[in-house]
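> from the sequence below, what's the structure:
(chains A, B, C and D)
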2 protein chains.
Amino acid sequence: MEPAYPQPLVMVDTALFTIRDERLRLILTRRKEPPFEGLLALPGGFVHAQEDADAEAAARRVIRGKIGFDAPYLEQLFTFSGVARDPRGWSVSVVYYALIPWSLLERNPSAEAFPVDGLPPLPFDHQQIVAKAVERLRGKATYSSLPAFLLPVEFTMNDLHRIYEQTIGTRLDKASFRHKILELDIIEEIPNRFRTGAHRPAQLYRLSSKVLTPFERKI
Amino acid sequence: MEPAYPQPLVMVDTALFTIRDERLRLILTRRKEPPFEGLLALPGGFVHAQEDADAEAAARRVIRGKIGFDAPYLEQLFTFSGVARDPRGWSVSVVYYALIPWSLLERNPSAEAFPVDGLPPLPFDHQQIVAKAVERLRGKATYSSLPAFLLPVEFTMNDLHRIYEQTIGTRLDKASFRHKILELDIIEEIPNRFRTGAHRPAQLYRLSSKVLTPFERKI
DNA sequence: CAGACTTATTTGTTTTTTACAAATAACAAA
DNA sequence: TTTGTTATTTGTAAAAAACAAATAAGTCTG
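I've put the predicted structure just below:
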């Protein structure tokens, strides 16, 4: 009882988030092949039965090819499908989004990061994909440890506070934020480690060892 | 630059939730064809380029075929893929979940609803799909109007309260629940309509006219 | 028809959380 | 030593939630 119907092209696309200069950004890549050769677009590729166990493995392969390593946080976003989204015809794209600290990217010249609120025009339905990815990230940021995955392993309370404000897009009370985040036990002090500057040194923190995967509770 | 690779089978599966006898249930269908002919499974089918604009349209088609009308609430859940999930080979399944009041189903003899915590063994990776669907539903129930879509258009505050408790799985304070739900403005009184019984009549409510799509704020 | 009974709805109080405002701490540079 | 600047803590007010119980509105029973 095999279907006699033609099957669509199956691909993956990725929305790779990072934060640089206090702004939430996406990594775009310049397309080397038609269609839309030369344009900036989300990194993506076909799912290959030989190389990939599944769509997530394909996404990881695409990301490794782009930035050279695995993303600290990766999650399936949504699957886009239809005949109109790709000029080559009927297609299905399983889209993943990932969070990557800028510190891991800055020495990679192929990783160009564009502010999410000032992206160039994007081909295919990538505009729509980006909108959905940003919406998901903002939504989850409110009640999880997700934003912490945009930071390097060591960070101060203020770093974390700013990252949350940027991804959520609203102001958060300093004292309350501190309270809640510590209560949730998602981060821990690094003993005797401080960031020094021209001012009072700031305690350095890291993600709590139990929290490898994001914590879903209200921030 | 067409890919020379074989493309997988692309299908949709659906997790159709309802509540009957105070229990959260899923609609299963008996498979009429191999593989797993005769077994109970999630309703599903292939995505057909000719009939469906996209995967969501295919899901709606499957649901209409199963229950005879569109589901009041439909959302994409997740896409499952791989070579092992279907004995026919490499496949991709875009899974949707839907919420349907039992009152719309009870006269449909083909709609058999099984409690989610007492399902028969399911073929393919449907066990895994169900787990993810339940998780999503429970997660969203906490901070949205989702559970209201499991009720008929007219319901009492107690109906709603019970539905929330059942989908979330925890006890909720009656007074607080009432407060919050009314504050959120997702439901409205139906003037002069009450459910009468052997006791004090209960005010009837309906989803607020603005809320056609679920409201995402903390309950 | 007067309770008794049962469910609906409201009220009050306590506890917890959050917001807002300000004080204190720790350092570097002047 | 004083000033500047950021980090961290503290205190108080306001809001939300949990808990407990009273009141309301009907039906049913004797």
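> the lowest-mean-pLDDT helix or strand in chain A: which residues count as buried?
Of all helical and strand segments in chain A, the minimum by mean pLDDT, DSSP states H and E falls on helix A:102-105, at a mean of 92. Within helix A:102-105, the residues that count as buried by 16 or more other C-beta atoms under 10 Å in any protein chain shown are A:102, A:104-105. Heads up, the C-betas are built off the backbone N, CA and C, glycines and all.
> over to stretch A:158-177?
Result for stretch A:158-177 [16+ other C-beta under 10 Å]: buried residues A:159-168, A:177.
> alpha carbons of it, in CSV - could you do that?
The C-alpha atoms that make up stretch A:158-177 are tabulated as CSV, following Å, rounded to 0.1, in the frame of the first residue of the first chain:
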residue,chain,number,x,y,z
ASN,A,158,23.9,41.9,35.5
ASP,A,159,24.9,40.1,32.3
LEU,A,160,22.0,37.7,32.9
HIS,A,161,19.6,40.5,33.8
ARG,A,162,20.4,42.4,30.6
ILE,A,163,20.1,39.3,28.4
TYR,A,164,16.7,38.6,29.8
GLU,A,165,15.6,42.1,29.3
GLN,A,166,16.8,42.0,25.7
THR,A,167,15.2,38.8,24.7
ILE,A,168,11.9,39.5,26.5
GLY,A,169,11.9,43.1,25.4
THR,A,170,10.7,44.6,28.7
ARG,A,171,12.3,46.1,31.8
LEU,A,172,12.7,43.8,34.8
ASP,A,173,13.2,44.9,38.4
LYS,A,174,16.8,44.2,39.4
ALA,A,175,16.1,43.0,43.0
SER,A,176,13.2,40.8,42.0
PHE,A,177,15.0,39.3,39.1
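> how far off centre is it?
Distance of stretch A:158-177 from the chain centroid (C-alpha atoms, centre = their mean, to the nearest Å) equals 18 Å.
> can that stretch be found next to chain B?
No. Figure legend: stretch A:158-177 not in contact with chain B (C-beta under 8 Å from any C-beta of the partner chain); closest approach 14.1 Å.
> contact partners of that stretch?
Residues from elsewhere that reach stretch A:158-177 (C-beta atoms under 8 Å, 6 or more residues apart in numbering or on different chains): A:19, A:22-24, A:137-138, A:141-142, A:146-148, A:150-151, A:178, A:181, A:187, A:202, A:205, A:219.
> rerun at 7 Å
A:19, A:22, A:24, A:137-138, A:141-142, A:147-148, A:150-151, A:181, A:202, A:219 (C-beta atoms under 7 Å, 6 or more residues apart in numbering or on different chains).
> so which of the residues you listed belong to strands?
A:19, A:24, A:202 (DSSP state E).
> with these in mind, which one is nearest to chain B?
Nearest to chain B among the ones in strands among the contacts of stretch A:158-177, counting by C-beta to the nearest C-beta, is A:L24 at 20.5 Å.
> that closest one and A:L16 touch, don't they?
No. Taking contacts as C-beta atoms under 7 Å, A:L24 lies outside contact range of A:L16: 11.6 Å.
> the more surrounded of these two?
The neighbour comparison of A:L24 against A:L16 (other C-beta atoms under 10 Å in any protein chain shown) goes to A:L16, with 26 against 21.
> apart from its neighbours in sequence, what residue is nearest that one?
In space, and not counting its chain neighbours, A:L16 is closest to A:I27: 4.1 Å by C-beta to C-beta, 6 or more residues apart in numbering or on different chains.
> near DNA strand C, which residues of chain A?
Within chain A, the positions near DNA strand C by C-beta under 7 Å from any atom of the strand are A:172-176, A:179-180, A:194, A:196-201, A:218.
> need the max-distance pair from those residues.
In the residues of chain A next to DNA strand C, the most distant members under the criterion C-beta to C-beta are A:A198 and A:K218, with 35.5 Å between them.
> quick one, which of those two is more surrounded?
Using other C-beta under 10 Å, the more surrounded residue of A:A198 and A:K218 is A:K218, with 11 against 4.
> and stretch A:112-131, end to end?
This stretch, stretch A:112-131, spans 19 Å end to end (C-alpha to C-alpha, to the nearest Å).
> buried ones in that stretch?
So stretch A:112-131, judged by 16+ other C-beta under 10 Å, has buried residues A:113, A:116, A:122-126, A:129-130.
> that older thread, the buried residues of stretch A:158-177: which two are farthest apart?
A:D159 and A:I168 (15.0 Å).
> double-check that the residue nearest to A:L16 belongs to a helix.
No. Going by DSSP: H, G, I helix; E, B strand; the rest coil, the assignment for A:I27 is strand, not a helix.
> what residues are bridge-paired with it?
A:A113 (DSSP bridges).
> can you check A:E75 too?
A:Y97.
> may I have the secondary structure class of the closest residue to DNA strand C within chain A?
Residue nearest to DNA strand C within chain A (C-beta to the nearest atom of the strand): A:R200, separated by 2.9 Å. Here A:R200 is recorded as coil under three-state DSSP.
> same check on the one 10 residues further on?
Assigned state for A:K210: coil (three-state reduction, three-state DSSP).
> distance of it relative to chain B?
Relative to chain B, A:K210 is positioned 20 Å away (C-beta to the nearest C-beta, to the nearest Å).
> so what are the sheet partners of the helix or strand A:R206 falls within and their directions?
Using DSSP states H and E, A:R206 maps to strand A:202-207. Take DSSP bridges as the rule and strand A:202-207 pairs in its sheet with strand A:155-156 (antiparallel), strand A:187-195 (antiparallel).
> can you tell me if the first one touches DNA strand D.
Yes. Strand A:155-156 lies within reach of DNA strand D by C-beta under 7 Å from any atom of the strand, at A:T156.
> contacts for that strand next, please.
A:195, A:202-205.
> mark which of the residues you listed are buried, thanks.
Judged by 16+ other C-beta under 10 Å, buried ones among the contacts of strand A:155-156: A:204-205.
> which among the contacts of strand A:155-156 are in contact with DNA strand D?
Among the contacts of strand A:155-156, DNA strand D is touched by A:202-203 when using C-beta under 7 Å from any atom of the strand.
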